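Trainee: Please work out how this folds:
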Amino acid sequence: MKDIQRQKNDVLLEAVKLAAEGHISGSLARLSNISAEKDQDKRLEAVANRWLSFSPEQREGTLIISGTNESRVILNSQIREALQLQGKGVEVNFLERVDSTQAERRDSKYYQVGQIIIPEKDYKKRASAGRVLPVLDTGPGNLLTVAGSDGQKSASARAPIKIYLFIPAWPPSWPWAIK
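Mentor: Got it, this is the predicted structure:
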């Protein structure tokens with residue numbers, strides 16, 4: 001990290017070197033023109049537009065890092081829409097973790113049909129750890145009806161599980177995925 005080659009501006013080069021060495025406050029002190037857009041929509045649009053203004057070679061060498069999964073999804077969507085790639089290529093479903101508390105995971109009323117549950121350990125006669133089980137119903141008595149390989153079966157919402165949603169995506173980094 002000490003041999004920084006792409007930064008040609010001497011002031012910025014010094015700031016980058018200090019940051020790479022862990023001297024963040026010293027790095028920021030070297031920079032005089034720092035601005036921050038407080039409105040998330042405007043900020044993400046500016047990031048997407050900046051990347052879109054790059055040449056293909058610059059885009060290839062540029063990595064956009066976002067602070068949240070939500071902002072990553074928005075940025076990807078904005079860029080794909082501008083490049084007219086939205087919905088093109090091979091659709092791939094990713095599992096996205098549902099943010100829930102332990103108490104919520106133990107009560108069927110917090111589940112939704114279509115969510116995916118994955119048991120964290122093996123349970124006799126019920127489910128195996130790591131198995132993907134789509135939620136079919138969140139019936140009474142704190143029971144979930146899930147689709148197992150042997151048909152429908154009910155499972156208690158009290159078991160330690162992880163909850164996910166299938167999120168469709170069209171990975172742009174896979175050349176064969178874009179037609």
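
Trainee: quick one, longest strand in this protein?
Mentor: Counting residues, the longest strand in the chain under DSSP state E turns out to be strand 161-169.

Trainee: Any idea how far that one is from the middle of the chain?
Mentor: Relative to its chain's centre, strand 161-169 lies at 11 Å (C-alpha atoms, centre = their mean, to the nearest Å).

Trainee: partners of that strand in the sheet?
Mentor: strand 92-97 (antiparallel), strand 116-119 (antiparallel) (DSSP bridges).

Trainee: The following helix or strand past the shortest one packs against which elements?
Mentor: Along the chain past strand 116-119, the next helix or strand (assigned with DSSP states H and E) turns out to be strand 133-137. The contact analysis (3 or more C-beta pairs under 8 Å, 6 or more residues apart in numbering; DSSP states H and E) places strand 133-137 against strand 116-119, strand 143-148. Where you see a C-beta, it was placed from the backbone N, CA and C, and this is true even at glycine.

Trainee: Using TSV, please lay out the ones you listed together with mean neighbour count.
Mentor: Listed next are the helices and strands packed on strand 133-137 as TSV, based on neighbours: other C-beta atoms under 10 Å:
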stretch	mean neighbour count
strand 116-119	20
strand 143-148	18
